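[1] Below: sequence and its predicted model.
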Amino acid sequence: MKSVSHKRALGLVLIAGAMTMAAGAASARIVCNAQGDCWHTDSRVSYGQRLEAHPDDWYFHQKWDQNAKRHWRDYHEGRGYYANGVWVQR
């Protein structure tokens, strides 16, 4: 009887692990618009502008000084996007 309950518990743990792996990784990423504004996002919403999408760790491999082609922008709550350095809330 004890062996059966151990097998069931092990089976539940394996199923839970498989479900966690199937859920996939978080969708966090960095997006940049044509004006060079780049920001962190967790969603894949588009507001009619072309965005370059990069993996979340892409940020660490970039130069963010004043002379850089791209400019890092601060995080904002809610949905929206940057346009010419200004956050547009949606």
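    Received, thanks.

[2] In the chain, what residue spans correspond to strands?
    Under the criterion DSSP state E, strands of the chain are mapped to 29-33, 37-41, 51-55, 71-72, 80-83, 86-89.

[3] Just the C-alphas of the fifth one, formatted as CSV.
    Listed in CSV are the C-alpha atoms of strand 80-83, where the atom choice follows Å, rounded to 0.1, in the frame of the first residue of the first chain:
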residue,chain,number,x,y,z
GLY,A,80,2.1,51.9,-24.1
TYR,A,81,5.2,52.6,-26.2
TYR,A,82,7.9,55.3,-26.7
ALA,A,83,7.7,57.7,-29.6
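
[4] Pairing partners for that strand, with directions?
    Within its sheet, strand 80-83 is paired with strand 86-89 (antiparallel), according to DSSP bridges.

[5] Any idea how far the strand it pairs with is from the middle of the chain?
    Distance, stretch centre to chain centre, for strand 86-89: 19 Å (C-alpha atoms, centre = their mean, to the nearest Å).

[6] Spatially central residue for the chain, please.
    residue 28 (0.7 Å; C-alpha atoms, centre = their mean).

[7] so where's this protein uncertain?
    For the chain, the stretches with pLDDT under 70 are 1-2, 4-7, 9-26, 47.

[8] contacts for stretch 56-76?
    With contact meaning C-beta atoms under 8 Å, 6 or more residues apart in numbering, stretch 56-76 is reached by 28-30, 32, 36-40, 82, 85, 87, 89. Where C-beta positions appear, they are placed from N, C-alpha and C, glycine not excepted.

[9] Having no further points to raise, I will conclude here.
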